[in-house]
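*Asks:* From the sequence below, what's the structure:
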Amino acid sequence: MKDFTLKSYCLLLEGLKETGYSFYTFEEYCEQKTAEKFVILRHDVDLKAENSLATAEIECEMCIRATYYFRVVPQSNQPDIIRAIAGLNHEIGYHYEDLSLFNGNSEKSINHFEQKLAYFRQFYPVRTACMHGSPASRFDNRDLWKTYNYKDFGIIGEPYFDIDFNKVFYLTDTGRCWDGEKYSVRDKVKSGFKQSYHNTRNIIEAAKNGSLPSCIMITTHPQRWTDDRLEWLLELVTQNVKNIVKRFINGK
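*Replies:* Numbers count the residues shown, from 1 in each chain. Predicted structure coming up:
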């Protein structure tokens with residue numbers, strides 16, 4: 001199976017559904033609406049917003065809802081696409097990077113956060129937000145909440161603060177693989193789980209043999225998932241270069 005294609009993404013969702021997993025948005029998880037065996041399905045729309053519409057349409061056809069976090073940069077912030085994804089009954093959230101954008105200035109950052117939250121609420125009644133890792137920045141966007149409280153802005157959940165990752169297994173395609181922690185600057189969590197999967201086929205096989213944890217958050221970056229051969233190859237090459245840089249940043 002060729003990985004990081006829309007076909008392999010479909011197979012992942014089908015494999016999880018067939019083995020008894022229910023799918024939820026992060027908002028639904030925060031509202032405690034989940035079953036005993038579940039996947040919180042999250043997408044970080046960092047680049048190529050049009051790719052997110054493709055995954056959103058696949059999920060809609062499968063009666064699956066997911067959470068899509070959009071940045072303010074033009075590569076992510078595409079109003080027509082955000083509106084279309086919201087129209088498919090998916091959750092829209094704010095993928096905030098305010099502290100990085102304003103070089104650590106907390107006051108400017110929180111004002112910007114409030115303004116952009118209001119902007120995204122034009123498309124969906126946004127109730128969750130998630131930090132963007134901003135690997136090239138020395139600022140961790142989560143540090144904004146050392147000074148302020150996101151709940152004061154009507155936000156009920158932020159994944160890195162409101163999920164116990166000792167109870168919910170975290171899977172992310174950071175680094176264009178599922179075991180790419182060494183490539184991640186900030187998209188990683190403290191967890192007691194020992195399982196590790198390199199590719200999408202490994203996850204599907206684990207679901208089928210019963211070794212996959214029963215409570216999961218899956219985070220994808222839809223820019224990586226495409227059936228277009230040239231785009232797929234360019235993403236592979238680009239990500240390999242990014243991985244080298246991130247390993248250097250991490251000192252590994």
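*Asks:* Pull out the buried residues from stretch 6-19.
*Replies:* Applying a neighbour-count criterion of 16 or more other C-beta atoms under 10 Å, the buried positions in stretch 6-19 are Leu6, Ser8, Tyr9, Leu11, Leu12, Leu13, Gly15, Leu16, Lys17. Any C-beta I mention is one placed from the backbone N, CA and C, and that applies to glycine too.
*Asks:* and what of stretch 49-68?
*Replies:* Within stretch 49-68, the residues that count as buried by 16+ other C-beta under 10 Å are 49, 51-56, 58-60, 64-68.
*Asks:* Closest one of these to Phe26?
*Replies:* For the buried residues of stretch 49-68, the residue nearest Phe26 by C-beta to C-beta is Thr67; the value is 4.5 Å.
*Asks:* picking that back up, now, the most widely separated pair of the buried residues of stretch 49-68?
*Replies:* Pairwise distances across the buried residues of stretch 49-68 (C-beta to C-beta) peak at 19.4 Å, for the pair Ala49 and Ile64.
*Asks:* Strands of this protein, residue ranges please.
*Replies:* Ranges of strands within the chain are 22-24, 38-45, 67-70, 91-96, 129-131, 169-172, 215-220, based on DSSP state E.
*Asks:* With respect to Arg186, which of those strands lies nearest?
*Replies:* Among the strands of the chain, strand 129-131 sits nearest to Arg186 (C-beta to C-beta), with 7.4 Å.
*Asks:* Which strands and helices lie in contact with that closest one?
*Replies:* Here strand 129-131 is seen to pack against strand 91-96, helix 159-162 when contacts are counted using 3 or more C-beta pairs under 8 Å, 6 or more residues apart in numbering; DSSP states H and E.
*Asks:* so which of these gets nearest Arg224?
*Replies:* Between Arg224 and these, the tightest spacing by C-beta to C-beta is seen for strand 91-96, at 15.6 Å.
*Asks:* Note down every partner strand of the closest one and its orientation.
*Replies:* Here strand 91-96 is paired, per DSSP bridges, with strand 67-70 (parallel), strand 129-131 (parallel).
*Asks:* do you know which of those lies nearest Glu205?
*Replies:* strand 67-70 (25.8 Å).
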